[in-house]
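1. model the structure of this input:
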Amino acid sequence: MTSDEQSQVETMKLGKIMIFVSDLEAAKRFYCDILGFPLKDETDNRLAFVHEGCDFIAFKCESDASVENYSQVARSVFVFEVASIDQTLQELRAKGVRFLHQEPAENDFSRYAAFVDPFGNVHEIYEPKEIDGDVLDC
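-> Coordinates of the predicted model:
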């Protein structure tokens, strides 16, 4: 590819986050009431939530996902940034959210914990690490 061809290729950006759920009413309770995403719009086969950055949509599907081997099987995972992982973990557990980590795990740039929605979709919360006031990035 020549430099002229490369300059014509548009850079992609994340435009929508979509998940599939088997029960829209249960999804509304989980994502609105427990996780705190306001409902923007709903139809008979989808929910749209208010989310900064890009559209967050749940579509109705027939069956739930399997959580087995969460970190060993290819999948997409939503990772939500929180100010305090310890506080958020405690609050979400008190609301009945099932976490896959007993304690937050750690990598080079954050502390994180994976949880499962009622449909088998795995998400994570994470708290970025800071060094000398600078937030580390992956």
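2. span of stretch 49-69 from start to end?
-> Separation of the first and last residues of stretch 49-69 by Cα to Cα, to the nearest Å is 29 Å.
3. try stretch 51-62
-> OK, stretch 51-62 end separation, Cα to Cα: 25 Å.
4. gap between it and the chain center?
-> Counting by Cα atoms, centre = their mean, to the nearest Å, stretch 51-62 is centred 10 Å from the centre of its parent chain.
5. what of stretch 46-62?
-> Using Cα atoms, centre = their mean, the offset of stretch 46-62 from its chain centre is 11 Å.
6. report the buried residues of that stretch.
-> Using 16 or more other Cβ atoms under 10 Å as the burial criterion, the residues of stretch 46-62 that qualify are 46, 47, 48, 49, 51, 56, 57, 58. Every residue, glycine included, has its C-beta placed from N, CA and C.
7. outside of it itself, list whatever touches it.
-> Stretch 46-62 is contacted from outside by 14-22, 24, 27-28, 31-32, 37-42, 44-45, using Cβ atoms under 8 Å, 6 or more residues apart in numbering.
8. which residues does stretch 34-44 contact?
-> Stretch 34-44 is contacted from outside by 24, 28, 31-32, 47-51, 56, 60, 80, 92, 95-97, using Cβ under 8 Å, 6+ apart.
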